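Colleague: Fold the following and give me the result.
(one chain, ligands or ions: 1)
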Amino acid sequence: MAPAKDTRHANKPKKSIENPRILKRKRNETELSTIIQRVEELDPKIRLESFSELPLSDPTSSGLTASHFKSLTDIQSRSIPYALKGRDILGAAKTGSGKTLAFLVPVLENLYRKKWTEYDGLGAIVLSPTRELAIQIFEVLRKVGRYHTFSAGLVIGGKSLKEEQERLGRMNILVCTPGRMLQHLDQTAELDVYNLQMLVLDEADRIMDMGFQQTVDAIIEHLPKTRQTMLFSATQTKKVSDLARLSLQDPEYVAVHETAASATPSTLQQHYIITPLPEKLDTLYSFIRSNLKSKTIVFMSSGKQVRFVYESLRHLQPGIPLLHLHGRQKQGGRLDITTRFAQSKHAVLFSTDVAARGLDFPAVDWVIQLDCPEDADTYIHRVGRTARYERNGRAVLFLDPSEEEGMLKRLEQKKVPIERINVKAKKQQSIKDQLQNMCFKDPELKYLGQKAFISYVKSIHVQKDKEVFKVKDLALDAFASSLGLPGAPRIKFIKGEDSKLQKNQPRALRYMSSDDSDQEEGEKKTKKKDGVRTKYDRMFERRNQDVLADHYSKLINDDGTMVDQGNGINGDADEDEEFLSVKRRFAAGDDALGDSDSDDSSSSHDKQKSFNDGDKAKLGKKVKVVKISDAAEPLIIDSKRREKLLQSKKKLLKYKGHSTKLIYDDDGVPHEAYELQDEGKFRADGDAQTQRAKFLETEAERNRVADIEDKELEKQKKREKKEKRKAKERALAEGENGVAVLAGEEEFVDPFQSDRSDGDEEVSASRGKKHVPEEEEDAPRQSKRSKKSHKVESSAKEPLEVNTLEDLEALATGLLA
Ligand SMILES: Nc1ncnc2c1ncn2[C@@H]1O[C@H](COP(=O)(O)OP(=O)(O)OP(=O)(O)O)[C@@H](O)[C@H]1O
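Modeller: Next up, the predicted model:
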């Protein structure tokens, strides 16, 4: 089913068979090939040696011993044979059962058998829903493919597109996230996919769901229809629509655990506890305190929750290193955190679902689900971070009484065995007073708590499974107070909107209109309602102006451009998405930092009158209020950009009404576009209505023709522009006279290392030399490469710092306590 191999490069340079390095590699590859051949011939039930450490045939050469050779897992032994025959595959197997190798081995082996070279272009794409998982897959590919000479790259965004573009042109295998891949398919002229043989979707059901729908469809449009497609997940999609979107051809459904009693690993113990929402944090803290010698992941529903819980528990110093991970952190920070957690023996990682799928952290003891997962599939993936590949693990789900019945039903439907346990009352500690004290002293923490509260409530509100998630049944006031907040921030929900739609909206959009405004409004209303206010009440209720003003001034730079904040409560890299929506026109009278824009100009005009000095002060010294004309509403100048905008508006207004279109005839006499004709002549031409109709007809025809010509011209221009760009990029690439083959064994760049060493290495690449004799490579490029390898090597030698000072402090305090 794969297309005939490209013969474009029939004249490509012959590789030097005398080169001993090439011979050595070739031998290893042949051995690998033979082993896989054996698998192909086997009855799929028979277990073979593991591919996890290749090559298998020569332990001494790879430093491996016989103990490394374990059995193939079920999914590997059953799907690899089909995959090697070029069949499309729908692979489903429990978490931690070795699906990664089940697709990477065939990717390598199929390309090897087709004698794929750098000249054949991109042979395989592996798509992953998250950057972390893509990095992990790339790492495994690096290991298993180290005796191959294919070039492979990691494309996960977050870094310079240009730098990636330079290297992508000659890759054979790409591991990527959908968004960045599409960007390259659209923009990188050198990326040649017309010969693509294999497309793999890891965590396929996630990639095919609503969040990625448009991106994935657009990617598929770029790819050739005749290719092998493999989908893997612990919760595989069987939706016909998904299969149709991917143009799967007679796929083999390899579902190894379909008849198993449980959908989760048998080595996993699963429990749930009923803990009312206001007691959740107490229970979590008590759990952490009594498991200081464990490695735990705690899942929450939003990044803001993660930040608040991390920040507040960190202050309490439980005696174990705490880490936190969510999607709004910068890439470098995310990598550092996952690496630190992977290397830690005892630690707690607070995370959103960004870590729920695919990540293979070694030896995780506990998975705690502090917030109920949105569905049973998410539950299965979250708990799958422990009890991986025959190891033991334990998982605890925290449920509010209102969630119990619905969630248990969902889990039962998905064959998840789970038992209730109770918390030992004498071990339960309350941290409510401490949190209140902390929030009182630290307005930033209180502000974070308010955001965490709002994002939690909203996350419940947008859930589509209303049998499980019922906002009205939650004790919200008590929950707010358990976070240390003086009262529950009031939240407005968008009425009548489909919750699913909201949920799939970009997060910034979903929340931008209401977070701050709701919270402030809630506070204002509480103020009005209540009677006597104490000093403490007032302090609690003050609006953290310092926090907001600080954020605000950071958002609007001197030149009015948005700046990347990168500052969480303690210099964290994450951002609050609603701040991104701050830069806008302030309808006067609106709260300068909170409420949404008003389109009603009359009301904003009225409001302008009340835009007083106090409000201006909130915006800082740079604010000017300017009126363009009597009719126009005043503009608030809060940035240079807005000032420029105003200037150009003024110019426009100045000339408005003075321009007339004149047409000059052959004698240079000006005429108006439509001049009145001589009346006698007009009458002679016939009835006015007929003339009008005729005129309209000819003009419409003229427009139609002009429109077609314009469109053609536009297309032509675009084509020329694209051609020029492509030619330029090609010329540049050829000028370099280098070969971007990546997978030389010593030079396969470790994405973790490269990120740490120079922080600018998204397409991690190294080069092999099988198909290009060394003497053909130009010196400058070689030296650049060797410098790079050296850099990576030296950074690899530095021991990775596992704990921060704060973690160590926390640990020490805990031990002393
Ligand atoms: N044949 C094997 N022998 C020994 N260990 C293996 C074998 N195959 C995979 N493993 C190990 O099992 C662990 C889990 O593998 P992997 O990450 O591929 O699981 P997965 O099925 O993709 O899980 P998830 O559904 O969570 O993504 C890894 O640490 C991997 O090295």
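Colleague: separation between the residue in the stretch 201-350 of the chain positioned nearest to the ligand and residue 266?
Modeller: Of the residues in the stretch 201-350 of the chain, the one nearest the ligand is residue 234, at a distance of 4.1 Å by CB to the nearest ligand atom. (C-beta placed from N, C-alpha, C; glycine too.) The spacing between residue 234 and residue 266, counted by CB to CB, to the nearest Å, is 14 Å.
Colleague: next one: residue 451
Modeller: Following CB to CB, the distance that separates residue 451 from residue 266 is 40 Å.
Colleague: neighbour-wise, which of the two wins?
Modeller: Between residue 451 and residue 266, counted using other CB atoms under 10 Å, residue 451 has the larger neighbour count: 23 against 12.
Colleague: Test for you: state the pLDDT assigned to the closest residue to that one other than its chain neighbours.
Modeller: In this structure, residue 451 finds its nearest non-sequential neighbour in residue 304, 4.6 Å apart by CB to CB, 6 or more residues apart in numbering. Per-residue confidence (pLDDT) for residue 304: 95.
Colleague: repeat for residue 572
Modeller: We have a pLDDT of 34 for residue 572.
Colleague: With residue 657 instead?
Modeller: Model confidence at residue 657, given as pLDDT, is 55.
Colleague: Counting neighbours, what do you get for residue 685?
Modeller: Residue crowding around residue 685 was assessed by other CB under 10 Å; the count is 12.
Colleague: these two touch, right, it and residue 695?
Modeller: No: when contacts are counted by CB atoms under 8 Å, residue 685 is not listed as touching residue 695 (10.4 Å).
Colleague: where in the stretch 401-550 of the chain is pLDDT low?
Modeller: Of all residues in the stretch 401-550 of the chain, those with pLDDT under 70 make up the ranges 493-550.
Colleague: how about the helices in it?
Modeller: Using DSSP state H, counting those that start in this stretch, the helices found in the stretch 401-550 of the chain span residues 401-413, 432-441, 443-461, 476-482, 499-504, 507-512, 515-529, 535-541, 545-555.
Colleague: what's the domain layout of this structure?
Modeller: According to the domain assignment given by automatic domain parsing, the chain is divided into the following structural domains: 25-255, 268-436, 505-541, 542-581, 593-655, 722-816.
Colleague: tell me, which of the ones you listed is the model least confident about?
Modeller: domain 542-581 (a mean of 35).
Colleague: Residue 253 belongs to a strand?
Modeller: Yes: read with DSSP: H, G, I helix; E, B strand; the rest coil, residue 253 is one of the residues of a strand.
Colleague: circling back to that earlier point, quick check, the residue of the stretch 201-350 of the chain closest to the ligand in contact with residue 384.
Modeller: Yes: with contact defined as CB under 8 Å, residue 234 counts as touching residue 384 (6.1 Å).
Colleague: Please identify which of the two sits among more neighbours.
Modeller: When residue 234 and residue 384 are compared for neighbours, residue 384 comes out ahead with 28 against 25, by other CB under 10 Å.
Colleague: OK, contacts around that one?
Modeller: By CB atoms under 8 Å, 6 or more residues apart in numbering, the contact set of residue 384 is 94-96, 234, 264-265, 357.
Colleague: hmm, 10 Å instead?
Modeller: 94-97, 234-235, 263-265, 268, 356-360, 364, 367, 393, 395 (CB atoms under 10 Å, 6 or more residues apart in numbering).
Colleague: ok, now how distant is residue 689 from the ligand?
Modeller: To the ligand, residue 689 is 74 Å away according to CB to the nearest ligand atom, to the nearest Å.
Colleague: Ok, residue 711 next?
Modeller: According to CB to the nearest ligand atom, residue 711 stands 48 Å off from the ligand.
Colleague: Over to residue 126?
Modeller: Using CB to the nearest ligand atom, one gets 12 Å for the distance from residue 126 to the ligand.
Colleague: what's around whatever residue of the stretch 251-400 of the chain ends up closest to the ligand, how many residues?
Modeller: With distances taken as CB to the nearest ligand atom, the stretch 251-400 of the chain approaches the ligand most closely at residue 389, which sits 3.3 Å away. For residue 389, the number of neighbouring residues by other CB under 10 Å comes to 15.
Colleague: Nearest spatial neighbour of it, chain-adjacent residues omitted?
Modeller: On the basis of CB to CB, 6+ apart, the spatially nearest residue to residue 389 that is not a chain neighbour turns out to be residue 96, at 5.1 Å.
Colleague: Next, that neighbour: secondary structure please.
Modeller: coil.
Colleague: what about it, distance to the ligand?
Modeller: Plainly put, residue 96 is 4 Å away from the ligand if you go by CB to the nearest ligand atom.
Colleague: Pretty sure that residue sits against residue 357.
Modeller: No: Residue 96 is not in contact with residue 357 according to CB atoms under 10 Å; the separation is 11.7 Å.
Colleague: Overlap in contacts, the two.
Modeller: The overlap between the contact sets of residue 96 and residue 357 (CB under 10 Å, 6+ apart) consists of 234, 384-385.
Colleague: Just name the closest of the residues you listed to residue 286, please.
Modeller: Distances from residue 286 to the shared contacts of residue 96 and residue 357, taken as CB to CB, are shortest for residue 385 (21.8 Å).
Colleague: Pull the contacting residues for the closest one.
Modeller: Residues touching residue 385, when contacts are defined by CB under 10 Å, 6+ apart, comprise 95-96, 297, 299, 349, 351, 355-361, 364, 366-367, 393, 395.
Colleague: Out of the residues you listed, which sit inside strands?
Modeller: Cross-referencing those against strands under DSSP state E gives 297, 299, 349, 351, 366-367, 393, 395.
Colleague: Might you enumerate the residues of this protein proximal to the ligand?
Modeller: Residues of the chain lying close to the ligand by CB under 6 Å from any ligand atom are 50, 52, 70, 72-73, 76, 93, 95-101, 234, 358, 360, 384, 388-389.
Colleague: among the residues you listed, which ones are buried?
Modeller: 50, 52, 72-73, 76, 93, 95-101, 234, 358, 360, 384, 388 (16 or more other CB atoms under 10 Å).
Colleague: Return the subset of those residues lying in helices.
Modeller: Among these, the members falling in helices are 76, 99-101 (criterion: DSSP state H).
Colleague: JSON lines for the residues you listed, including distance to residue 401?
Modeller: Supplementary listing: these in JSON lines, determined by distance: CB to CB, whole Å:
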{"residue": "76", "distance to residue 401": "43"}
{"residue": "99", "distance to residue 401": "37"}
{"residue": "100", "distance to residue 401": "39"}
{"residue": "101", "distance to residue 401": "43"}
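Colleague: if we can go back for a sec, restricted to buried residues, select the ones in strands among the contacts of residue 385 in PyMOL.
Modeller: For anyone working in PyMOL, the buried entries among those, judged by 16+ other CB under 10 Å, can be selected with:
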select buried, resi 297+299+349+351+366+367+393+395
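Colleague: any idea how far residue 234 lies from residue 106?
Modeller: 19 Å.
Colleague: what does residue 201 give?
Modeller: To residue 106, residue 201 is 14 Å away according to CB to CB.
Colleague: which residues are common contacts for the two?
Modeller: Residues touching both residue 201 and residue 106 (CB under 10 Å, 6+ apart) are residue 230.
Colleague: Just give the number of residues close to residue 422.
Modeller: Applying other CB under 10 Å, we find 9 other residues in the vicinity of residue 422.
Colleague: How about it: what's its closest non-neighbour residue?
Modeller: residue 273 (6.7 Å).
Colleague: what's the burial count for that neighbour?
Modeller: 17.
Colleague: who's it bridged to?
Modeller: Taking DSSP bridges, one finds residue 398 as the beta-bridge partners of residue 273.
Colleague: The helix or strand where residue 377 lies packs against which elements?
Modeller: Using DSSP states H and E, residue 377 falls within helix 376-383. Counting contacts by 3 or more CB pairs under 10 Å, 6 or more residues apart in numbering; DSSP states H and E, the secondary-structure elements packed against helix 376-383 are helix 204-207, strand 228-233, strand 268-274, strand 295-299, strand 366-369, strand 393-399, helix 401-413.
Colleague: Hmm, residue 190 and residue 726 touching each other?
Modeller: Yes: in this structure, residue 726 is within contact of residue 190 by CB under 10 Å, at 8.1 Å.
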